[in-house]
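Trainee: Coordinates for the following, if possible.
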Amino acid sequence: MSTLGSFAVFAATAFSVASLVCYFMAWRGRDNALPLARAFFIGTAVSITAAMGILVYLFLAHDYSVAYVANYSSNDLPLYFTIASTWGGQEGTFLLWIFFTVILGFVMMRTSKNFERGNMFFLNLFLLSILVILLKRSPFSPAEVVQADGAGLNPLLQNYWMTIHPPVMFVGFAAAVFPFCFAMTALVERRFNLWAEAARKWTLFAWGLLGIALVMGGYWAYETLGWGGFWAWDPVENSSFIPWIFLAAQIHALFIKKQRRGLLRFSMVIVCLTFWSVLYGTFLTRSGVLADFSVHSFVELGINSYLVGGLLLFVGLGSFFLILRWKEIDPEASYSEVASRSYLVTLAIVILFLGGLLTMFGTSAPLLTSWFGEPANVGLPYYFATMTPIAVAILILLSLFPGFRWEEGISRPKLLMVAGAAFVVAVLLCLVLGITSEVIYLLLFGAVASSLVSNGWIFITNFQKGNYTPAYLAHLGVILAIAGAAISAGFETKQTVTLPQNKEVHAMGYTMTFTGVSEHAKGFDCHVAMSANGRDFVAELPHEFPKNGQGVMKRPYIEKFVTYDIYLAPLALEQGMQNDPGILEFSKGDTKKIDKYEITFQRFEMSGHGEDGSASSAFALVTVSYDGRTEELRPALRVSKDSVASEPVIFDSARGMLAISGVRPDDGGVALKIIGEFVPAASIADASLVLELSKKPGINLFWLGSLMLFGGGLSAMRDRSKRKKADVAVSPEKARVASEVK
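Mentor: Below is the predicted model:
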């Protein structure tokens with residue numbers, strides 16, 4: 001089957017080349033080549049689908065003769081993780097990416113109408129850039145040694161989010177290709193005014209799915225990795241965030257383009273930049289350049305030249321056509337007056353664009369600094385200093401947006417006054433209640449209050465009138481998500497706590513007891529009984545030992561409340577020390593009692609080497625008194641070149657035995673080991689669990705805001721489709737234009 005999988009990849013490459021050539025010929029006017037181009041693309045899609053199906057089958061069959069299967073699967077994985085293992089490594093994710101691309105490609109082939117020939121040419125070009133990587137690094141390559149079991153999936157990836165987060169992410173990545181195809185075709189054909197509406201629905205789709213995938217990944221990290229947060233500005237996290245924030249700017253730029261025919265040039269640039277950022281993020285993630293700076297980064301697999309080549313190809317093509325047609329694009333102004341909604345949206349686009357560039361610069365720091373010496377990464381202070389002002393600016397614009405008309409002037413002055421009052425009240429409350437006095441936080445929370453009031457009022461008013469407005473729902477989601485992220489990150493409390501087993505410990509107002517450890521096939525679980533704010537629960541903290549020997553994998557426990565989370569992250573399990581009551585420490589002249597025996601250490605006596613120089617002896621002069629009798633004992637240590645041997649002695653008619661357990665050369669003391677039925681049994685002290693306890697206020701605002709944000713965005717796409725059908729039904733002229741841009 002692996003041979004058949006390799007053949008499917010070769011066939012997909014051949015079909016894609018043929019489809020590319022035929023679409024180019026059809027684009028140049030040879031209409032008879034169009035049916036062939038479509039047929040060859042169908043061949044490409046069937047071959048890629050077959051390759052994906054074969055790879056899934058190889059994982060389900062546990063065929064460890066295939067290196068990729070052996071590296072990412074094992075016999076003990078349940079069915080859903082076995083399937084998810086197909087995208088556990090680089091080769092599988094590349095195949096998954098183009099699998100979703102060809103599925104969406106069918107949709108574009110059937111709906112893009114007059115844009116089909118150019119769009120499908122560029123789409124085939126993208127498919128080939130990935131297929132050549134799979135030819136170089138095939139998921140069907142044979143293993144050097146066939147094992148009975150595989151290495152297994154990393155325990156941190158054995159999470160239900162693994163089954164859905166990567167597929168959703170790669171659908172988003174796949175969808176980001178299509179606006180680029182529309183833009184390139186529009187540039188080549190000089191159709192600058194007809195492409196944006198069709199591209200906008202693909203942009204909304206890509207933005208929504210990529211954003212949902214980012215939130216999924218954040219929750220995955222929050223409940224699995226144990227560092228206590230959902231976003232660390234990790235370079236690989238950023239490589240997905242950068243296209244998403246550019247897509248957000250792109251959505252609004254295409255909207256301005258539709259409303260006023262403004263930002264035509266910028267729309268082209270931002271569409272290209274979004275796609276380039278996907279390719280650039282792929283290079284950063286998979287080239288190995290971030291291996292020392294990211295917990296997510298893949299290792300280098302010898303495909304860097306292919307990654308760089310694909311990036312340079314599309315950057316070169318996009319730049320060439322942008323420069324070639326730049327002077328021919330004659331946009332109108334993006335806004336009429338400063339006091340207008342169109343100006344606020346334009347300003348928001350610029351700020352989002354700047355946020356994407358700043359994030360890209362920070363993410364690229366290891367690559368940029370490597371040119372001048374040792375590579376280095378920027379830390380969290382960089383992102384706090386750059387992205388917090390970006391968030392504040394976006395919130396202020398959101399608070400102003402509902403109060404202005406699209407063309408000119410204020411439409412709701414009272415609403416703006418109420419929003420302004422909310423800003424002032426929020427700032428005063430923060431100061432009076434001692435919440436914060438930092439200027440940036442005061443601005444942020446003031447902007448949250450004012451934008452929440454203005455957008456919430458419009459959304460509720462419209463909803464009561466039966467007019468659902470997805471844009472305002474998305475805006476409310478942004479506001480709540482930013483507020484939740486700021487509160488949970490800036491105002492959490494945490495403490496490192498050591499919990500001796502079966503002993504009650506009080507920390508941060510909570511009562512905690514480490515009740516013990518339960519072992520299982522993959523490792524063990526630590527159990528902590530906890531009482532917090534009237535709720536009693538037992539936190540289970542899993543510890544697993546992966547097959548690849550990467551050390552113990554620890555998972556946190558989260559107890560959710562309405563306004564906060566209690567987060568327990570295990571740090572270490574300290575095993576108790578053995579306590580042996582039969583070992584007694586003596587200084588010269590010390591007397592100690594065990595049972596009825598009084599034992600006194602007098603001194604050491606040494607004997608020199610024997611005549612052959614082979615050994616020396618140390619004797620401890622010890623007296624043992626019991627039942628009115630006293631015995632003098634001389635336990636010894638025999639020291640030779642190769643070993644040290646202890647020679648014990650007996651006392652009380654062999655009821656007891658005494659031996660030297662250790663010597664203290666600094667003060668002439670000794671440790672004696674007493675053996676006998678009268679000696680209490682040795683015991684092991686209870687273990688202790690060390691964990692980090694934290695309280696995360698407002699975290700649920702972030703999750704709620706994220707759901708509202710992407711729910712609003714995706715419903716906007718559906719709402720837009722309904723309105724387009726209504727417009728077409730009313731106006732034959734609009735029907736003609738719609739058929740051109742589909």
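
Trainee: What is the burial count for residue 267?
Mentor: Residue 267 is flanked by 31 other residues according to other C-beta atoms under 10 Å. No exception for glycine: its C-beta is placed from N, CA and C like everyone else's.

Trainee: so what's it up against?
Mentor: Residue 267 is in contact with 183, 196, 250, 253-254, 256-257, counting by C-beta atoms under 8 Å, 6 or more residues apart in numbering.

Trainee: Report the lowest-confidence entry in those.
Mentor: In terms of pLDDT, residue 257 ranks lowest among the contacts of residue 267, with 71.

Trainee: how close does that residue get to residue 276?
Mentor: Distance of residue 257 to residue 276, computed by C-beta to C-beta, to the nearest Å: 20 Å.

Trainee: Next: residue 164.
Mentor: As for residue 164, its distance to residue 276 is 27 Å (criterion: C-beta to C-beta).

Trainee: Who has more neighbours out of the two?
Mentor: residue 276 (19 against 15).

Trainee: Would you check that the more buried one makes contact with residue 315?
Mentor: Yes: under the criterion of C-beta atoms under 8 Å, residue 276 is in contact with residue 315, at a separation of 5.5 Å.

Trainee: Show me what the host helix or strand of residue 205 packs onto, helices and strands only.
Mentor: Under the criterion of DSSP states H and E, residue 205 resides in helix 196-224. Packing partners of helix 196-224 (3 or more C-beta pairs under 8 Å, 6 or more residues apart in numbering; DSSP states H and E): helix 165-175, helix 177-189, helix 235-260, helix 264-286, helix 699-730, helix 732-741.

Trainee: Could you tell me the least trusted of these?
Mentor: Of all these, helix 732-741 carries the lowest average pLDDT, namely a mean of 44.

Trainee: What residues of the strand or helix carrying residue 59 count as buried?
Mentor: Using DSSP H and E, residue 59 sits within helix 33-60. Buried residues in helix 33-60, counted by 16 or more other C-beta atoms under 10 Å: 33-34, 36-38, 40-45, 47-48, 50-52, 54-55, 58-59.

Trainee: And it, what does it pack against?
Mentor: Applying 3+ C-beta pairs under 8 Å, 6+ apart, one finds that helix 33-60 contacts helix 2-27, helix 67-72, helix 79-84, helix 90-111, helix 116-136.

Trainee: wait, is residue 559 part of a strand?
Mentor: Yes: according to DSSP: H, G, I helix; E, B strand; the rest coil, residue 559 belongs to a strand.

Trainee: in the sheet, who's paired with it?
Mentor: With DSSP bridges as the criterion, residue 559 is bridged to residue 566.

Trainee: Take the helices and strands packed on helix 196-224 and lay them out in CSV including distance to residue 123.
Mentor: Shown next, in CSV, are the helices and strands packed on helix 196-224 (distance: least, C-beta to C-beta, whole Å):
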stretch, distance to residue 123
helix 165-175, 10
helix 177-189, 5
helix 235-260, 18
helix 264-286, 12
helix 699-730, 21
helix 732-741, 17
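
Trainee: Which one of these lies nearest to residue 431?
Mentor: For these, proximity to residue 431 was assessed by C-beta to C-beta; helix 699-730 is nearest, at 21.5 Å.

Trainee: Give me the nearest residue to residue 571, chain neighbours excluded.
Mentor: In space, and not counting its chain neighbours, residue 571 is closest to residue 690: 4.6 Å by C-beta to C-beta, 6 or more residues apart in numbering.

Trainee: And the residue nearest the centre of this protein?
Mentor: residue 217 (4.7 Å; C-alpha atoms, centre = their mean).

Trainee: where along the stretch 401-550 of the chain do the strands fall?
Mentor: Applying DSSP state E, counting those that start in this stretch to the stretch 401-550 of the chain gives strands spanning 493-500, 504-507, 510-520, 523-532, 535-544.

Trainee: got the contact list for the second one?
Mentor: For strand 504-507, contacts defined as C-beta under 8 Å, 6+ apart pick out 495, 497-499, 511-514, 693.

Trainee: sorry, back to before: same list (the helices and strands packed on helix 33-60) but as TSV, adding distance to residue 560, mean pLDDT and mean neighbour count.
Mentor: Shown next, in TSV, are the helices and strands packed on helix 33-60 (distance: least, C-beta to C-beta, whole Å; pLDDT from 0 to 100; neighbours: other C-beta atoms under 10 Å):
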stretch	distance to residue 560	mean pLDDT	mean neighbour count
helix 2-27	43	95	20
helix 67-72	32	91	24
helix 79-84	24	88	18
helix 90-111	31	94	20
helix 116-136	40	95	22
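
Trainee: wait, which of the ones you listed is closest to residue 399?
Mentor: Between residue 399 and the helices and strands packed on helix 33-60, the shortest separation by C-beta to C-beta is 36.7 Å, and it involves helix 90-111.

Trainee: elements contacting that closest one?
Mentor: Looks like helix 90-111 contacts helix 33-60, helix 67-72, helix 116-136, helix 165-175, helix 177-189 (3+ C-beta pairs under 8 Å, 6+ apart).
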